[in-house]
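> Sharing a model that was predicted from the sequence below.
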Amino acid sequence: MEKRIGVFICNCGETLNNIDFDAVVKKVAEFPGVTSIKLISTLCLEEGKKKMLSCIKKENIDRVVVAACSPEFKEHVFRQVLENAGLNAHLFSMANIKEQCSWAHEGDVTGKAVELIIMAVNRTRLLQPVKKKKFSVTRKVLVIGGGFAAINASLQLSRAGLRTTLMQRAAILGAGTAEVESLCGFDINSMVSEVEGDENIEILTSAEMTAIAGKIGNFTVRIRKGCEEISHKYGALVVATGYQTKLALESELKSDANIVSQEKLCHMLRDPDLEIRPGTIGFMFDFSDENSRLPTLATLNNALAAKRKWGSEVYVFYKSVKVDSEGIERLYQEARDCGVMFLKSDISPRIAVENGKIKIEAKDVFLDGEINLACDVLVAEEQLLPAEETEAMSSILNIRKDSSGFYQDENVHLYPVTSEKKGIFIIGGCRGDLDISRVLADISSVVVSVYELLSSGNILAEAERVKADPQKCVACLTCIRICPHDAIQLIRVDGGKEVAEISDLACEACGICAAICPAKAITFQGYRDEEILAQVETIG
């Protein structure tokens, strides 16, 4: 039976000016199998989706090609339209005529746009439906960490109706959060009290994870608390283990009582019984780490606070002030207006201790001269490092770390709180140098993601979209070693033979296993050899 293929072309609000869309419509309409072709501006918006849905129903279209922007951004939108029309969402192809075509060239690209659309049409003829299946999940969440992000996330998850366990290695919740409390005005003690009084939150302190098994929706986690090991099931894990700081100083200077960290200065500012208020304070930042959101925010906030509360002379030595965080440019200007002196230097200042004073020597770029300053207190530059347990946790959870040793995002722009393993999320300082607005965004994002995942008690997932054929599999383990999502395992089938099995829940459909399998035992629906060859042969 001849397939009825509908082609829907979007000109992105008439912004793709190097494509002649009238010519594209005319040429694609002549291609065999194309039953209907429509040019709709802003196809991804509500009005465009309604027109697309109406056309599919009215013209009995059974397969769809959309020529628009990147599938990474909008494929899920159009798949939903197909489902609303009663079609299987996988009887669908996208031709990227925006980023892959119009934006990639300066001249006329009408011919290339036509080729991309026709390639998608040829592929769509051979597509097979993919069914969905319900899987039951455990409606419990494990939050790992005891700082601001972990406590806040636990409270919000509990309010969303999800049973939450808050686990951390330290004996006290909220320890070491004075800096965040000072910067952002959050009352950590009241948050800790709220967590402790929440019946929907279980607190495990002086505890650590020793092992994990299972997949998204049904993780089995072993936790050691004292001499006892317990095992619990969770539907999702949220890692919020934070970061640690190190003073970027020579070792002999670190022991001096007048050289302090940002956190120590926060305690001094909050101490009503402080006997001697420093008359001159120096700050340093951005010399050892140029990606310093939190140190920049801490420096500006504390410099302004010291100026206002103590009336101290405040000098900030810096290489560059980066104001990409929310409200930080206003804070910088406010500090300058209040009398905080900013001294720019291309190289790190020289520091020495003389007669109980901290002597700082630096060359100011704007004054083009040497600056010599004697300070009562120097707030040293701090480097943000991964938390102590990051290495061990990364190994247990089998999630990657980035070049700085922090947990690696699945995609820094599209999925910043998602790890490479489905059901395991990373938020806050454990994934890098984040200011408080980004941490709050992380928390909101992960609460929404976990709620969508677990709230109903079931997950609707694609069944056997990627499947290993037990007759062809030779258990070479290549796919298991290469899978970045830990979605493949060996099982025994009838006769005792070991073969690879791909978890429908854990699989991200990245296609790596299907491409690398030496026995060609893995089928990836939508990217089978015949479907790819059909595209290539169109322009061959």
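Thanks, I have it.

> quick one: the strands in the stretch 301-450 of the chain?
Assigned by DSSP state E, counting those that start in this stretch, the strands in the stretch 301-450 of the chain fall at 313-318, 341-344, 350-354, 357-364, 369-375, 377-379, 382-386, 424-426.

> which one of these lies closest to A506?
Among these, the nearest to A506 by Cβ to Cβ is strand 424-426 (10.4 Å). To be clear about C-beta, it is placed using only N, CA and C from the backbone, and glycine gets the same treatment.

> other SSEs contacting the closest one?
Of the remaining helices and strands, those touching strand 424-426 by 3 or more Cβ pairs under 8 Å, 6 or more residues apart in numbering; DSSP states H and E are strand 236-239, helix 436-454.

> Which one, of the strands of the stretch 301-450 of the chain, ends up nearest to R125?
Here strand 424-426 is closest among these (Cβ to Cβ), at 38.5 Å.

> what distance separates the closest one from the centre of its chain?
8 Å (Cα atoms, centre = their mean, to the nearest Å).

> hmm, who's touching that strand?
Strand 424-426 is contacted by residues 216, 236-240, 397, 399, 407, 409, 417-419, 446, 449-450 when judged by Cβ atoms under 8 Å, 6 or more residues apart in numbering.

> same deal with stretch 97-107?
By Cβ under 8 Å, 6+ apart, the list of residues contacting stretch 97-107 from outside reads 9, 12, 16-19, 67-70, 109, 112-113, 116-117.

> Could you pull out the buried residues of that stretch?
Within stretch 97-107, the residues scored as buried using 16 or more other Cβ atoms under 10 Å are I97, K98, Q100, C101, S102, W103.

> and the protein, what are its domains?
For the chain, automatic domain parsing gives the domain ranges 5-130, 140-242+387-459, 247-382, 464-524.

> closest to A534 out of those?
Taking Cβ to Cβ, domain 5-130 is the member of these nearest to A534, at 4.4 Å.

> coming back round to it: make JSON lines out of the strands of the stretch 301-450 of the chain and add mean pLDDT.
As requested, the strands of the stretch 301-450 of the chain are arranged in JSON lines below (pLDDT from 0 to 100):
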{"stretch": "strand 313-318", "mean pLDDT": "94"}
{"stretch": "strand 341-344", "mean pLDDT": "94"}
{"stretch": "strand 350-354", "mean pLDDT": "88"}
{"stretch": "strand 357-364", "mean pLDDT": "91"}
{"stretch": "strand 369-375", "mean pLDDT": "91"}
{"stretch": "strand 377-379", "mean pLDDT": "93"}
{"stretch": "strand 382-386", "mean pLDDT": "87"}
{"stretch": "strand 424-426", "mean pLDDT": "96"}
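
> Which among these is found nearest to R169?
Taking Cβ to Cβ, strand 382-386 is the member of these nearest to R169, at 14.1 Å.

> Now do the buried residues in the closest one.
In strand 382-386, counting by 16+ other Cβ under 10 Å, buried: E382, L384, P386.

> Across the sheet, point out what pairs with the last one.
This means P386. Bridge pairing for P386 (DSSP bridges) gives the partners Y243.

> if I pick it, what's in contact with it?
P386 makes contact with Y243, Q244, K401, S404, G405, F406, Y407, C430, according to Cβ under 8 Å, 6+ apart.

> Pull up the gap between it and V417, please.
According to Cβ to Cβ, to the nearest Å, P386 and V417 sit 17 Å apart.

> now I502, which residues is it bridged with?
I488.

> Could you check the pLDDT of it?
On pLDDT, I502 comes in at 96.

> downstream neighbour of the host helix or strand of I118 in the secondary structure list?
Secondary-structure assignment from DSSP states H and E places I118 in helix 110-125. Scanning forward in sequence from helix 110-125 by DSSP H and E, the next helix or strand is strand 132-136.

> buried sites along that following strand?
F135.

> So what's the model's average confidence on that strand?
Strand 132-136 comes out with an average pLDDT of 93.

> Check which helices and strands the helix or strand following it sits against.
As assigned by DSSP H and E, the chain's next helix or strand after strand 132-136 is strand 140-144. In terms of contacts (3+ Cβ pairs under 8 Å, 6+ apart), strand 140-144 is packed against helix 148-159, strand 163-167, strand 228-234, strand 236-239, helix 436-454.

> partners of strand 140-144, with directions?
Taking DSSP bridges as the criterion, strand 140-144 forms sheet pairs with strand 163-167 (parallel), strand 236-239 (parallel).

> mind exporting the shortest one as PDB, just the C-alpha atoms?
In this case it means strand 236-239. Provided in PDB are the C-alpha atoms of strand 236-239 (Å, rounded to 0.1, in the frame of the first residue of the first chain):
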ATOM      1  CA  ALA A 236      15.600   9.000  41.200                       C
ATOM      2  CA  LEU A 237      18.800  10.400  42.800                       C
ATOM      3  CA  VAL A 238      19.800  14.000  43.100                       C
ATOM      4  CA  VAL A 239      23.500  14.700  43.700                       C
END
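
> from now on call the first residue 423
Will do, 423 is the new start, and the previous item becomes strand 658-661.

> And the contacts of that strand?
563-567, 572, 575, 579, 634, 638-639, 641, 643, 815, 819, 829, 841, 845-849, 852, 868, 872, 875-876.

> Same question for that strand: list its buried residues.
Residues of strand 658-661 classed as buried: A658, L659, V660, V661 (neighbour count, 16+ other Cβ under 10 Å).

> Verify the stated contact: K744 with L719.
No: counting by Cβ atoms under 8 Å, K744 stays clear of L719, with 10.2 Å between them.

> Please say which of those two ends up with more neighbours.
Neighbours around K744 and L719, counted as other Cβ atoms under 10 Å, are more numerous at L719. The numbers are 24 against 16.

> relative orientation of the host helix or strand of that one and helix 858-876 in degrees?
Per DSSP H and E: L719 is located in helix 715-732. In terms of direction (axes from the mean of the first three to the mean of the last three Cα atoms, to 10 degrees), helix 715-732 departs from helix 858-876 by 130 degrees.

> Helix 715-732 to strand 804-808, inter-axis angle?
Helix 715-732 and strand 804-808 are oriented at 140 degrees to each other (the same axes, to 10 degrees).

> So for the residue positioned nearest the centre of the chain, what's the pLDDT?
The centre of the chain sits closest to P838, judged by Cα atoms, centre = their mean, with a distance of 1.2 Å. Note on P838: pLDDT of 85.

> State the distance from L577 to F570.
Counting by Cβ to Cβ, the gap from L577 to F570 is 11 Å.

> again with V559
In terms of Cβ to Cβ, V559 sits 28 Å off from F570.

> ok, E494 - how many residues close by?
For E494, the tally of surrounding residues (other Cβ under 10 Å) stands at 13.

> Then the one 4 residues further on?
Taking other Cβ under 10 Å as the neighbour definition, H498 ends up with a count of 10.

> okay, it: pLDDT?
At H498, pLDDT is 93.

> That one in helix, strand or coil?
What DSSP: H, G, I helix; E, B strand; the rest coil gives for H498 is helix.

> before we move on, the earlier item: can you list the buried residues of stretch 519-529 in a markdown table and add secondary structure?
What follows is the buried residues of stretch 519-529, written out as a markdown table (three-state DSSP):
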| residue | secondary structure |
| --- | --- |
| I519 | coil |
| K520 | helix |
| Q522 | helix |
| C523 | helix |
| S524 | helix |
| W525 | coil |
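
> ok, so of those, who is nearest V799?
For the buried residues of stretch 519-529, the residue nearest V799 by Cβ to Cβ is W525; the value is 52.9 Å.

> Check the gap between the closest one and K555 for me.
As judged by Cβ to Cβ, W525 and K555 stand 38 Å apart.

> so what's the residue nearest to the centre of the chain up against?
Contact analysis of P838 by Cβ under 8 Å, 6+ apart lists D831, R853, D864, S867.

> Try it again at 6 Å.
Contacts for P838 (Cβ atoms under 6 Å, 6 or more residues apart in numbering) come out as D831.
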